[in-house]
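Asker: Provide a 3D model corresponding to the input given below.
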Amino acid sequence: MQYLIVSFAALVITVFITPYFIGILNKIRIIDEPDGKRKVHSLAMPRMGGAIIFIVVISFLFIFYGDINSIRYFLFGTVIIFGLGSFDDLFGTVWSLKFLYQSLAAVFLLVFIYPEFSSIRIFEIEIENIPAFIILFIFIVGSINSFNLLDGLDGLASGIALIVSVSLFFISLNSLNPFLLVLLATLIGCLTGFLKYNAFPARIFLGDSGSLLIGYFITGSVLILSVKNASDVLDLTFAIILLAVPIADTLNVMVRRIIRGRHPFLADKTHIHHIIFSKNIRHKTTVFIITLYSLLFAANALYYRFYSEFYGIVIFLLLLIPLIFANRLLGFILKKERLLIYGRTINRFPQFLINYYKVLVVPITAIFVFSSFIFFLAKGKYLNAEFLVPSFVIIALLLIFTIINYKRNKFFTDIVVFFNVLLFFIITQSNNVLYKDISNLPLFGNLNYHLLIVGILLPVIAFFLFFRDRIQQNRPMLLTGLDLVIVLLIILLSISSNLIPIAKSYLITDTIFRSFLIYIFYKIVIQIQPKFRPSLYTFSFLTVIISQTILILS
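Answerer: Down below sits the predicted model:
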């Protein structure tokens with residue numbers, strides 16, 4: 001639970017400081033200008049978002065991980081990579097200079113992980129001594145660059161990094177590596193908070209300082225967790241499967257450039273995100289598709305590690321085919337006539353049922369959710385007192401953030417409701433109530449309160465998504481880019497909790513999923529009845545504050 005608090009604290013701090021950092025970057029003109037060619041954004045955008053990630057992650061390592069001396073080589077590499085990226089964001093640099101400093105950072109990372117293994121294995125071939133270090137060196141530099149090259153659409157690189165970080169965090173829980181647990185918990189919270197501003201439509205870019213930095217963090221983490229303690233062998237196959245999307249995309253592009261007689265390091269528009277986006281697929285949908293594909297590789301990496309290496313490799317090779325031939329595959333799909341079932345269903349659905357949904361279903365569901373919060377306040381088990389201070393710091397930062405940003409952009413601050421609901425369930429520790437069978441309801445068997453909440457909210461939300469245009473016209477999109485990333489994150493958490501043998505890991509998934517459903521329902525309510533927004537927003541804060549007060553008095 002302490003790592004969940006670390007992650008949540010990193011998230012809130014990132015959400016809080018990013019708007020100020022955006023203002024500073026705009027003021028001193030550290031921005032990315034559109035070029036009308038390779039870059040897809042049409043407005044000048046502040047870059048160097050990696051500075052936020054660097055500050056938060058390094059600070060949390062010093063605060064929550066005691067033995068800093070043991071990770072000094074990792075930190076040396078971190079400083080070099082961040083310095084290189086920052087220099088490139090500020091002044092620009094040539095690829096040869098990038099390669100030089102990336103190589104230096106790779107050497108520090110190799111020195112850091114060297115005591116952990118004696119050989120490497122790649123697709124069942126074991127390699128030792130100097131050839132092993134050469135292959136690892138190439139892998140490190142290539143992986144770091146692959147995240148840099150993938151950073152071409154709003155929230156793409158940071159979204160994929162978040163998916164990979166969650167997978168690695170669950171494995172770290174299984175291996176009980178304290179350094180990686182702090183690093184990955186912080187990175188998960190930091191990336192989630194940063195995606196609030198980096199997801200489409202973005203207000204800030206990662207820049208090279210960010211894409212290279214998260215590439216370094218992810219590469220270092222995956223290599224450490226690729227070591228099998230029983231044999232001291234670093235299984236590079238696991239790392240390749242987990243990072244398949246950025247690595248395969250980079251290799252595919254470079255090979256195609258060489259075949260065409262072009263320089264392999266000169267930028268063009270042949271990356272996977274450029275290909276999908278060029279098919280008139282929306283920006284947000286393009287990011288969602290690629291991130292979803294990355295999730296498939298992440299799930300396969302877990303299957304490979306914990307169940308079957310042979311079938312994991314087979315699935316990996318099969319998943320590579322659509323990635324390599326994405327251009328032809330998309331062209332074939334888009335030539336087919338589009339199905340009209342969805343539009344016909346919407347048009348023919350009785351209007352009176354939609355009206356009943358607005359005036360009856362939504363209010364009754366809102367009363368149910370409101371009553372559930374009161375019930376959990378009364379029946380909750382509550383956190384240990386040691387977590388009280390972090391929870392007060394988090395809610396204080398959220399309150400300050402709301403006071404400053406609420407009037408500027410109301411819809412932009414709605415994600416705070418999700419944070420409040422999540423913090424509420426963390427503090428109240430309502431698992432003893434949520435998973436208790438409801439015995440006084442016949443025919444439902446082992447139905448519990450968690451399933452009841454999910455069972456009520458899911459169809460209400462699904463109905464709104466399906467008939468949104470007939471329920472509310474000219475309203476903002478219900479699901480933002482960050483919301484879609486959270487959906488993928490929840491799916492990955494669910495997969496991880498089933499594949500990785502960790503006791504009660506499902507509780508984390510259920511808590512986030514339940515909080516997300518309540519948050520989406522809140523957005524539905526304020527789209528149908530905007531006048532309730534201030535009171536519901538305030539209620540989300542009150543539930544957390546009351547739960548903290550009960551914790552103090554108990």
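Asker: for Asn174, see how far away the residue nearest to Phe306 when sequence neighbours are not counted is.
Answerer: Leaving out its chain neighbours, the residue that sits closest to Phe306 by CB to CB, 6 or more residues apart in numbering is Leu499, at 5.6 Å. No exception for glycine: its C-beta is placed from N, CA and C like everyone else's. Going from Leu499 to Asn174 by CB to CB, to the nearest Å gives 10 Å.
Asker: cool, and Leu320?
Answerer: From Leu320 to Asn174 the distance is 27 Å (CB to CB).
Asker: show me the contacts for Val454.
Answerer: By CB atoms under 8 Å, 6 or more residues apart in numbering, Val454 lies in contact with 513-514, 517.
Asker: if we use 10 Å, what do you get?
Answerer: The contact partners of Val454, taken as CB atoms under 10 Å, 6 or more residues apart in numbering, are 510, 513-514, 517.
Asker: tell me the secondary structure for it?
Answerer: Following DSSP: H, G, I helix; E, B strand; the rest coil, Val454 is assigned to helix.
Asker: tell me the confidence at it?
Answerer: Looking at Val454, its pLDDT stands at 91.
Asker: for the closest residue to Phe376 other than its chain neighbours, grab phi and psi.
Answerer: Closest residue to Phe376 apart from its sequence neighbours, by CB to CB, 6+ apart: Ser430 at 4.5 Å. As for Ser430, its main-chain torsions (degrees, to the nearest 10) stand at phi -80, psi 20.
Asker: report pLDDT for Ser430.
Answerer: With respect to pLDDT, Ser430 scores 73.
Asker: distance of it from Val417?
Answerer: Counting by CB to CB, the gap from Ser430 to Val417 is 18 Å.
Asker: now the strands for the stretch 101-250 of the chain?
Answerer: 119-122, 125-128, 227-228, 233-235 (DSSP state E, counting those that start in this stretch).
Asker: quick one: which of these has the weakest pLDDT on average?
Answerer: Mean pLDDT per stretch puts strand 227-228 lowest among these, at a mean of 80.
Asker: packing partners of it?
Answerer: strand 233-235 (3 or more CB pairs under 10 Å, 6 or more residues apart in numbering; DSSP states H and E).
Asker: which strands and helices sit next to the strand it packs on?
Answerer: Applying 3+ CB pairs under 10 Å, 6+ apart, we find strand 233-235 packed against strand 119-122, strand 125-128, helix 129-150, helix 207-225, strand 227-228.
Asker: elements contacting the lengthiest helix in the chain?
Answerer: If you go by DSSP state H, the chain has its longest helix at helix 2-27. Using 3+ CB pairs under 10 Å, 6+ apart, the elements in contact with helix 2-27 are strand 45-46, helix 50-64, helix 156-175, helix 178-198, helix 388-405, helix 415-428, helix 506-528.
Asker: now with 8 Å?
Answerer: Other helices and strands packing on helix 2-27, by 3 or more CB pairs under 8 Å, 6 or more residues apart in numbering; DSSP states H and E, are strand 45-46, helix 50-64, helix 178-198, helix 388-405, helix 415-428.
Asker: next, the buried residues of that helix.
Answerer: 3-19, 21-22, 25 (16 or more other CB atoms under 10 Å).
Asker: and the angle for that helix with helix 156-175?
Answerer: Inter-element angle recorded for helix 2-27 and helix 156-175: 160 degrees (by axes from the mean of the first three to the mean of the last three CA atoms, to 10 degrees).
Asker: any idea how far the nearest residue to Phe513 once chain neighbours are set aside is from Tyr506?
Answerer: Nearest non-adjacent residue to Phe513, counting by CB to CB, 6+ apart: Ile490, 5.1 Å away. In this view, Ile490 and Tyr506 are 12 Å apart by CB to CB.
Asker: repeat that for Val107.
Answerer: Counting by CB to CB, the gap between Val107 and Tyr506 amounts to 41 Å.
Asker: now stretch 195-204: average pLDDT?
Answerer: 86.
Asker: check which residues of that stretch are buried.
Answerer: Buried residues in stretch 195-204 (16+ other CB under 10 Å): 195-200, 202-204.
Asker: which SSE is immediately downstream of the helix or strand of the chain with the lowest mean pLDDT?
Answerer: Across the helices and strands of the chain, mean confidence by mean pLDDT, DSSP states H and E is lowest for helix 341-348: a mean of 59. Where DSSP states H and E defines the elements, the next helix or strand beyond helix 341-348 is helix 351-356.
Asker: for the helix or strand that that following helix is followed by, packing partners?
Answerer: The first helix or strand that comes after helix 351-356 along the chain, using DSSP H and E, is helix 362-379. In terms of contacts (3+ CB pairs under 8 Å, 6+ apart), helix 362-379 is packed against helix 415-428, helix 431-434, helix 449-466, helix 506-528, helix 533-553.
Asker: I'd like to know which elements the first one is packed against.
Answerer: Using 3+ CB pairs under 8 Å, 6+ apart as the contact criterion, the secondary-structure elements in contact with helix 415-428 are helix 2-27, helix 362-379, helix 388-405, helix 506-528, helix 533-553.
Asker: go again with 7 Å.
Answerer: Counting by 3 or more CB pairs under 7 Å, 6 or more residues apart in numbering; DSSP states H and E, the packing neighbours recorded for helix 415-428 are helix 2-27, helix 388-405, helix 506-528, helix 533-553.
Asker: export these to CSV and tack on distance to Leu251 and mean pLDDT?
Answerer: Formatted as CSV, these follow (distance: least, CB to CB, whole Å; pLDDT from 0 to 100):
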stretch, distance to Leu251, mean pLDDT
helix 2-27, 32, 87
helix 388-405, 41, 82
helix 506-528, 33, 90
helix 533-553, 46, 89
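Asker: would you list the ones you listed in TSV and tack on distance to Val362?
Answerer: Output for the helices and strands packed on helix 415-428, formatted as TSV (distance: least, CB to CB, whole Å):
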stretch	distance to Val362
helix 2-27	28
helix 388-405	25
helix 506-528	6
helix 533-553	12
